[in-house]
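Q: sequence first, then the predicted structure, then my questions.
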Amino acid sequence: MALKTFEHVLILADDVDKTKDFYVDILGLEVGYRPDFPFKGYWLYLKENKKAACIHLAMRKQDTGQDYYIGKKDDVKSGSGAIDHVAFNADDIEGMKSKLDKISMEYTHRKVPGFPLEQLFIDDPDGVKVELNYATSD
């Protein structure tokens, strides 16, 4: 038995609409199909892949409907917890830096030593670190 693909991460948000806006407005993900679960949330998709949502969002505050589907969680905010970050491959690093500068969003820019890759790191509204990877010609 072998794993076939990585499917998604679930982010529990303090304000699910604010977090959805971050992933849609800043990163360009799109809201798409989500089953009719008995709790509020969103499934977010890459524009090129409408078959599999890469980010699932739900409210951090739980109710019985949500507890049934994802299990009871302690009401403690832990950011990314044991997972340090979520990464996306992207293009147009200068365009993204300009966009982030325009809205005064802090980011960290790094060049990977000995590898043709530059990275931007930003935090979503719930403290989840997002890594954006940009191939370079180096």
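A: Perfect, I can see it now.
Q: and the pLDDT at the residue positioned nearest the centre of the chain?
A: The residue lying closest to the centre of the chain (Cα atoms, centre = their mean) is Ile55, at 5.7 Å. pLDDT, Ile55: 95.
Q: let's number from 36 now, not from 1
A: In the new count, where the first residue is 36, that last one comes out as Ile90.
Q: for it, list the residues it contacts.
A: Counting by Cβ atoms under 8 Å, 6 or more residues apart in numbering, Ile90 makes contact with 43-44, 46, 58, 64, 78-79, 121. From N, CA and C alone the C-beta is placed, and that goes for glycine too.
Q: which of those residues are buried?
A: The neighbour count (16 or more other Cβ atoms under 10 Å) marks 46, 58, 64, 78-79, 121 as buried among the contacts of Ile90.
Q: what's the single longest helix in the chain?
A: With secondary structure taken from DSSP state H, the chain has its longest helix at helix 128-137.
Q: what packs against that helix?
A: strand 152-158, strand 164-170 (3 or more Cβ pairs under 8 Å, 6 or more residues apart in numbering; DSSP states H and E).
Q: one more pass at 7 Å, please.
A: When contacts are defined as 3 or more Cβ pairs under 7 Å, 6 or more residues apart in numbering; DSSP states H and E, helix 128-137 packs onto strand 152-158.
Q: what's the offset of the strand it packs on from the middle of its chain?
A: On the basis of Cα atoms, centre = their mean, to the nearest Å, strand 152-158 sits 13 Å off its chain's mean C-alpha point.
Q: same question, stretch 161-173
A: That offset, for stretch 161-173, works out to 11 Å (Cα atoms, centre = their mean).
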